[in-house]
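Asks: need a structure here:
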Amino acid sequence: MKRLTYLTCTLITACMVAAMVGWSMAAGNFLVTVIAIPLGIIVVLACRTQVDIVIADEREKRIRSKAALRTLEVVIIGGAIAAIILYSFVVSIPLTPIITGKIFINADGTQSMTIAEYTPGSVPGPQTLVRQTTIQNLNAMNESEAITYCSYVREGFQENENRGLVGMTIGSVLVVLLATFGAFYLYYDKKY
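Replies: This is a model prediction of the structure:
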């Protein structure tokens, strides 16, 4: 196998793994990710063993070794900072207010909903109630009732937004890791 064929095989494998990981995240099926990433690594390593020409010489290995070491040093410091930031998001979650809602069927067949907000970090009850709103007819809301309802729905998705924030942070760290490795690789490539 020629080097260009190997690189093409690696690119196709990486795209397929990225597509499977993206689909599994959207579908909430993380088993696909656990299988796809190691399988992709195995396919790339199998392709690499079939390459007839020399892919890396001693100089290339030395450059990669130094670049990897510097990358590790930088990422450990950055990872510690990122961990502190992510932990602060975990700590602040109990500080958000507790919002509950109950739907009732009225005598005329319409649906009404009561939305209640309780003080942060408390058990919902009459003594911890901050405010309460009732939407008389869910199917015929006015503008202020619709805004109240949207706020309630938005609060319901807060946990998913937090998970998305963690996912974006991890993705950003991976991008920074690759960029840092590339920068150190270019630096040592010019040095040696």
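Asks: I'd like the C-alpha coordinates of stretch 99-108 written as CSV, please.
Replies: Output of stretch 99-108 as CSV, limited to C-alpha atoms (Å, rounded to 0.1, in the frame of the first residue of the first chain):
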residue,chain,number,x,y,z
ILE,A,99,-39.7,25.3,39.0
THR,A,100,-42.6,23.0,39.0
GLY,A,101,-45.8,22.8,37.0
LYS,A,102,-49.2,21.1,37.3
ILE,A,103,-51.8,20.7,34.5
PHE,A,104,-55.5,20.6,35.4
ILE,A,105,-58.5,19.9,33.3
ASN,A,106,-61.3,22.5,33.9
ALA,A,107,-65.0,21.8,34.0
ASP,A,108,-65.4,23.2,30.4
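Asks: which other helices and strands contact the host helix or strand of Met113?
Replies: Assigned by DSSP states H and E, Met113 falls within strand 111-118. The helices and strands touching strand 111-118, judged by 3 or more CB pairs under 8 Å, 6 or more residues apart in numbering; DSSP states H and E, are strand 98-105, strand 129-135, helix 143-156. (Each C-beta comes from the backbone N, C-alpha and C, glycine too.)
Asks: for these, which one sits closest to Asp52?
Replies: helix 143-156 (57.9 Å; CB to CB).
Asks: what distance separates that closest one from the centre of its chain?
Replies: Computed by CA atoms, centre = their mean, to the nearest Å, the separation of helix 143-156 from the middle of its chain amounts to 26 Å.
Asks: my read: Gln111 touches Phe104, true?
Replies: Yes. Contact criterion CB atoms under 8 Å: Gln111 and Phe104 qualify, at 7.0 Å.
Asks: quick one: which of the helices and strands packed on strand 111-118 is nearest Val32?
Replies: Smallest distance to Val32 across the helices and strands packed on strand 111-118 (CB to CB): 26.7 Å, for helix 143-156.
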